[in-house]
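[1] would you be able to build a 3D model of this:
(6 chains)
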Protein chains: 6
Amino acid sequence: MVRLSQITGRSGEEVMAALGEVAPDFARYIFEFGYGDVYSRPGLDLRTRMLATVAGLVALGHAERELTVHIGSALNVGATREEVVEVIMQMALYAGFPAALDALLIAKKVFAARDAAPPAAPPPAAPPAP
Amino acid sequence: MVRLSQITGRSGEEVMAALGEVAPDFARYIFEFGYGDVYSRPGLDLRTRMLATVAGLVALGHAERELTVHIGSALNVGATREEVVEVIMQMALYAGFPAALDALLIAKKVFAARDAAPPAAPPPAAPPAP
Amino acid sequence: MVRLSQITGRSGEEVMAALGEVAPDFARYIFEFGYGDVYSRPGLDLRTRMLATVAGLVALGHAERELTVHIGSALNVGATREEVVEVIMQMALYAGFPAALDALLIAKKVFAARDAAPPAAPPPAAPPAP
Amino acid sequence: MVRLSQITGRSGEEVMAALGEVAPDFARYIFEFGYGDVYSRPGLDLRTRMLATVAGLVALGHAERELTVHIGSALNVGATREEVVEVIMQMALYAGFPAALDALLIAKKVFAARDAAPPAAPPPAAPPAP
Amino acid sequence: MVRLSQITGRSGEEVMAALGEVAPDFARYIFEFGYGDVYSRPGLDLRTRMLATVAGLVALGHAERELTVHIGSALNVGATREEVVEVIMQMALYAGFPAALDALLIAKKVFAARDAAPPAAPPPAAPPAP
Amino acid sequence: MVRLSQITGRSGEEVMAALGEVAPDFARYIFEFGYGDVYSRPGLDLRTRMLATVAGLVALGHAERELTVHIGSALNVGATREEVVEVIMQMALYAGFPAALDALLIAKKVFAARDAAPPAAPPPAAPPAP
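    Next up is the predicted model:
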C-alpha cells in the first residue's frame, strides 16, 4: 500500500485534522478509498497519477485548496516544477485561460513556500487528503 | 514541431473538416495554438500530456466528443489501455462517479472500435483537433 | 412587454409543450420570470442580450438544447451569423476549446436548418423557453 | 447494509454489467464504497438521500444517465413523482433553468416508462450504480 | 406564503442589503421568485427542500456564500447537523471529494458560529437570499 | 490590432507581471492568442465582445479575478454600468442565482473602486490578461 505521507507530506494531515471534528468518517473514506484503494493501484506510476490529478483539479475550476495540496504532492513523488507548469498551461485549451491562470498563481505560491521552507523528509504514515 | 497526425490519427481531421465551413479560423487556432504552441512544447512528454488531457476532460464532465478523440490520442502516443482506465477511475475522486463512469463507457467504445479496425499508420501531416 | 415569439420563434413553443405535462408551473415561471421579468427589462437591447445568453450557454458546457434554441433567438432579434460565431469562438478563451467546438457545430446545424427552411414570420404571442 | 436492488432496481445492474468488461474494480468501488459505505449510513433516511442525489445531479448539469437511474431510485425508496419534480424545479434557482429543464424532460421519460412497464418487485441483491 | 425569515434568519438579509445598491430588482426577484414562487410551493416539506438545496450547492462547487447561508437555513427549518453532514458527504460520490470537503469545512464554521451565538428567534418578515 | 491597454487598463498588466516569473510563455499566449488573434477580429464590436465575456465568466462560476478585470474592461470599451448589471442579472436564468449574486457583488466593488479612483487614460501598449 502507498505510503501516504509520501504523497502529500504535511499539508494533507492538516486538512484531515480540520475535518476530523465534523465528519471523522469522511477522513477515513479519503484514507481508505482515496489512498488505500485508488492511489495504491498498480498500472500507473504515482508521478503520472499526480500530474493527472493536477490536470483534473485545474479543469474543475474551483478546487484551490486541493490544487495547493496536490501541486505539492506531484513534486513530492518526482514531478518537476516545469512539468507541473506544463500540465497547468495545457489545461487552458480544455478548461479556459481563467482556470489555468488561477492554477499557475497557486503553483507560484507553492513553489515560493518550498523555496522558503523546503519540505522535510515526509513523516512516517499519516492520513492525507486525496 | 509535433507531427499532429501522430496524436489524433484520423479522428481529429474529421472534426476539423466539419468545423471548416462555419468557422475556418477556429480550426486554424486549434492547429496553430493548440498543437503548434502548446503540444509542441518541450518539458513534458506527449504520453503524459495526453493522459493529463484525458484527466482534464473527465473533470469537465461534458466533453464526450473530445474524450473519444483523445482517449485514442493517448493510445496513439504510447499510453496503454490500462493507463487510460486508471486515469479515468482516479478522476472519480475529484469529479465524482458519474463523470468517471461516462468516461469509462466512452473508453470501452474506443477500445472496441480499435479491436474492430486497428488505426492505420497515421497520415502524413493533417490538422487535428486539440 | 417583450413579444416572446419574436425571440425564440417556434422552437421555444415546442419545449414548453413538452414540459407542460410534467411541470406546468415551470413553463409558467419561464414565461413570467424569464421573459416577463428579465428579458423585458430596459437597459440592454435584445440583440446584445441574446448574444450574452449564447456566451453564457457556451460556458455552461452542457446546454445543447438551449444553445440550439437561442442561437436561433439571437438571429431572430437581429444578430448576424458572423456575430454568433464570433461570440462562440471567443468563449474558447474562457471555457476551453471543447465547449466552443461543440457550440460551433450546433451553430452549423442551426444555420443549415434555416437555409433549408427559413423561419416564418413569428406567430402572434406564444410562450417560449428562456 | 442497504439492499441495493431496493434502490436502483434493474437499471443499476445494467450499468454495472456494461462497466464490468472495461473496469471491473470500478464497479466494485461503486458497490462497496457508494452503497456499502455511504448509502448504508444511518443519520439520514433513504428517501431524503435520493432526493438530495437528484438535486446534486441536476446541479452537475451533465449527468443524464445517472439522473435517469436515480429519479427511478428516488421513486423506488418512497419519494413521490411530485417530490421529484419539486426538487428539480427548485434547482433552477441554483443551477439555472437549462439544467432544470433537461432534468424535467428526463423525469417525464422515467415516469412514462414506469407507466408503460411498472417496475417489478426488486431483484434479490444485485450490485447497482451509485 | 413562506415566512422567509424563518428560512435564512439574518444572514439572508445581509446579502440582500449588500445587493440593494447595485441591483435592487435582483433582490426583488430573489424575494418574489425564489421565495414567493418556488419555496412556498406545496408538494415538498421545507426541511427536505433545504437539504436538497445544500446538495445542489455542493455539486456546483463554487457557491461558498450560499452554502454558508443555506446550511444555516437547513438547520433553521428543522434539519439536524448530522443530516446536513450526511448530505454533504454523500455528494462526494457525485461531485468529487474536493467539493464535499470544502462544504464540510464550511459546515464546521456554521456550526461553530451557532455554538458561539445561537440564532435568535427569526425577525418578523425580511427579504432573504434564495 | 487591438490596443490592449484600451481593454483592461492597468489590471491586466498586474496579472501578467505576477504570471511572468512562473510561466512567461503563458503570458505571451494570452497576449498573442487572446488579444492578438481573438479580440482583434472584425465581425463583432469590442463593447459586445466584453459584455459576452462577462456573461461567460458569470456562467463559469469560479472566475472572480477575471470578472473583476473584465467588468472593468467592459466599462473601458464603452459599456455602461447598467448594461453590465443587466448582463449579470440575466445569467441568473442560465447559471443560477448564486453565480449571478457573486458577480453582482464583484461589480459593486469594481464600481466603488472606480468612484474612488477613476481609471486614468490607459497606458500606451502593455500586455493584459484576456
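[2] distance from the lengthiest helix in chain A to the middle of the chain?
    Looking across chain A with DSSP state H, the single longest helix is helix A:97-116. Using Cα atoms, centre = their mean, to the nearest Å, the distance from the centre of helix A:97-116 to the centre of the chain it belongs to is 13 Å.
[3] can that helix be said to contact chain B?
    No: using Cβ under 8 Å from any Cβ of the partner chain, helix A:97-116 stays clear of chain B, coming no nearer than 9.4 Å. C-beta: built from backbone N, CA, C; applies to glycine.
[4] now that helix - C-alpha only, PDB.
    Below are the C-alpha coordinates for helix A:97-116, written out as PDB (Å, rounded to 0.1, in the frame of the first residue of the first chain):
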ATOM      1  CA  PHE A  97      -7.500  30.600 -19.500                       C
ATOM      2  CA  PRO A  98      -9.000  31.700 -16.200                       C
ATOM      3  CA  ALA A  99      -8.800  28.200 -14.700                       C
ATOM      4  CA  ALA A 100      -5.200  27.800 -15.900                       C
ATOM      5  CA  LEU A 101      -4.300  31.300 -14.800                       C
ATOM      6  CA  ASP A 102      -5.600  30.700 -11.300                       C
ATOM      7  CA  ALA A 103      -3.700  27.400 -11.100                       C
ATOM      8  CA  LEU A 104      -0.500  29.000 -12.200                       C
ATOM      9  CA  LEU A 105      -0.700  31.600  -9.500                       C
ATOM     10  CA  ILE A 106      -1.300  28.800  -7.000                       C
ATOM     11  CA  ALA A 107       1.700  26.900  -8.300                       C
ATOM     12  CA  LYS A 108       3.800  30.100  -7.900                       C
ATOM     13  CA  LYS A 109       2.800  30.200  -4.200                       C
ATOM     14  CA  VAL A 110       3.600  26.600  -3.600                       C
ATOM     15  CA  PHE A 111       7.000  26.900  -5.300                       C
ATOM     16  CA  ALA A 112       7.700  30.000  -3.200                       C
ATOM     17  CA  ALA A 113       6.700  28.300   0.000                       C
ATOM     18  CA  ARG A 114       9.100  25.400  -0.800                       C
ATOM     19  CA  ASP A 115      11.900  27.800  -1.500                       C
ATOM     20  CA  ALA A 116      11.300  29.400   1.800                       C
END
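[5] quick one: buried residues of that helix?
    Across helix A:97-116, burial judged by 16 or more other Cβ atoms under 10 Å in any protein chain shown covers A:97-108, A:110-111.
[6] on contacts alone, who are the packing partners of that helix?
    Applying 3 or more Cβ pairs under 8 Å, 6 or more residues apart in numbering or on different chains; DSSP states H and E, one finds that helix A:97-116 contacts helix A:46-60, helix A:64-76, helix A:81-95, helix C:81-95, helix F:10-20, helix F:24-29, helix F:46-60, helix F:64-76.
[7] for the nearest residue to residue A:53 once chain neighbours are set aside, give me its contacts.
    Nearest residue to residue A:53 in three dimensions, chain neighbours excluded: residue A:70, at 5.2 Å (Cβ to Cβ, 6 or more residues apart in numbering or on different chains). Residue A:70 sits next to A:8, A:50, A:53-54, A:57 when contact means Cβ atoms under 8 Å, 6 or more residues apart in numbering or on different chains.
[8] count of neighbours near the nearest residue to residue A:104 once chain neighbours are set aside?
    Excluding the flanking residues, the one nearest residue A:104 by Cβ to Cβ, 6+ apart is residue F:23, at 5.0 Å. Residue F:23 has 22 neighbours, counted by other Cβ atoms under 10 Å in any protein chain shown.
[9] for chain A, what lies in contact range of chain B?
    Chain A comes close to chain B at residues A:33-34, A:38-39, A:41, A:43-44, A:48-49, A:51-60, A:63, A:66, A:82-83, A:85-87, A:89-95, A:130, as judged by Cβ under 8 Å from any Cβ.
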